[in-house]
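1. starting from these lines, generate the structure:
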Amino acid sequence: MKYTGQTGRPFRVRFQEQIQDFKYNNSRPIFAQHLIDNKHAIGNMEDTMEIVHITGKGKKLDALESFHIYKAAKAGNQINDKLTVRGNELFETIIQQDPHEGYKAPQQQNTPKIAQS
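-> I've put the predicted structure just below:
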């Protein structure tokens, strides 16, 4: 299962926040709620999180985040809020003809990112 979200903070900071939510049984964040409900353990950051895009904050990052949530929902593999996922013809076309499958942008420090956990 995947949770997709964007962050402008360093990954290590975001990961520590997720660990704290899990450790103290804070079920408000969706990712922590999934771990708690399914009695999952949490692994190390390198095994748990993956950078899928790096770009500046704004509409482009929002669109990329929406696309990755949509793609994971289509595969039945997402834990984001299911009410936010609805049909999208543009995303369908991209999924069908995705020339960048597996593409990873070069990593940059302290640049907003979309991550999957």
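2. secondary structure class for the spatially closest residue to Val85 that is not a sequence neighbour?
-> Of all residues not flanking Val85 in the chain, Ala73 sits nearest, at 4.3 Å (CB to CB, 6 or more residues apart in numbering). Where C-beta positions appear, they are placed from N, C-alpha and C, glycine not excepted. Assigned with DSSP: H, G, I helix; E, B strand; the rest coil, Ala73 falls in the helix class.
3. wait, Ala73 touches Ile79, no?
-> No: between Ala73 and Ile79 there is no contact under CB atoms under 8 Å: 9.7 Å.
4. tell me which stretches of this protein form strands.
-> Remark: strands assigned in the chain by DSSP state E are 4-7, 50-54, 113-116.
5. flag the shaky bits of this structure, pLDDT-wise.
-> For the chain, the stretches with pLDDT under 70 are 1, 26-27, 81-84, 98-117.
6. give me that answer again for 90
-> The chain contains residues with pLDDT under 90 at 1-58, 60-117.
7. what segments of it are helices?
-> With DSSP state H as the criterion, the chain has helices at 11-23, 30-37, 45-48, 59-74, 89-96.
8. so which of those helices comes closest to Lys2?
-> Nearest of the helices of the chain to Lys2, taken as CB to CB: helix 59-74 at 4.6 Å.
9. and the angle from the closest one to helix 89-96?
-> Angle, helix 59-74 to helix 89-96, by axes from the mean of the first three to the mean of the last three CA atoms, to 10 degrees: 70 degrees.
10. could you name the helices and strands sitting against helix 59-74?
-> In this structure, helix 59-74 makes packing contacts with strand 4-7, strand 50-54, helix 89-96, strand 113-116, judged by 3 or more CB pairs under 8 Å, 6 or more residues apart in numbering; DSSP states H and E.
11. before we move on, back to that, now the residue nearest to Val85: how far from Asn88?
-> 10 Å (CB to CB, to the nearest Å).
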